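Peer 1: sequence below, structure please.
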Amino acid sequence: MKTFPSFLLIVLIAIVLIATNPTQADFNSFVEENLKDELPKSKETNWIYETIKKVFPGQSKVAVSSTIEAITKPMDYYIFSTYEINLSSIELSYIGVAGRFFLIKQTIYFTPVDEAAN
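Peer 2: Numbers count the residues shown, from 1 in each chain. As a prediction, this is how the structure comes out:
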C-alpha cells in the first residue's frame with residue numbers, strides 16, 4: 001500500500017510540471033527582458049544588442065518574437081523544454097521548467113586575428 005501514495009505523488013508532480021512547462025511565447029518574453037544580461041560582454045555581442053535595439057524600437061512585440069523564434073530551436077519534453085539560440089559566434093542553451101529558464105550551455109566562437117584579416 002505504500003507504493004500508491006508514492007505513485008500519486010509522482011503523478012501530481014508530473015501534472016504540475018506539465019502545466020507549468022514554459023511555451024515559446026514565455027521564452028520570447030524571457031529573451032526580450034534578459035538578452036543583454038545573458039550575452040557575454042564583447043564588442044560583437046554589444047553590437048548585436050545595439051542593432052536589435054535600433055531595429056525594433058517602436059515596432060510591435062510580434063516582430064521581436066518572430067526574430068527570436070527564427071534564431072531559436074525549441075524542444076518540448078512535456079515536463080520541461082529546451083531552447084537553443086544560435087547566432088554567428090554564440091550558442092546559448094536554456095532549459096525551461098516550472099515556468100523558469102536556466103542557462104545550461106554557453107559556447108562562444110572566436111575567429112583568430114590572422115584569419116579575420118584575410
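Peer 1: helix or strand with the lowest mean pLDDT in this structure?
Peer 2: Counting by mean pLDDT, DSSP states H and E, the weakest-scoring helix or strand in the chain turns out to be helix 113-117, with a mean of 56.
Peer 1: so Leu87 touches Ala70, yeah?
Peer 2: No. Assessed by CB atoms under 8 Å, Leu87 is found out of contact with Ala70, at 11.2 Å. (C-beta placed from N, C-alpha, C; glycine too.)
Peer 1: more neighbours: which of the two?
Peer 2: Applying other CB atoms under 10 Å to Leu87 and Ala70 shows that Leu87 carries more neighbours, namely 14 against 7.
Peer 1: now the longest helix along the chain: average pLDDT?
Peer 2: Assignment by DSSP state H gives helix 3-19 as the longest helix of the chain. For helix 3-19, mean pLDDT rounds to 93.
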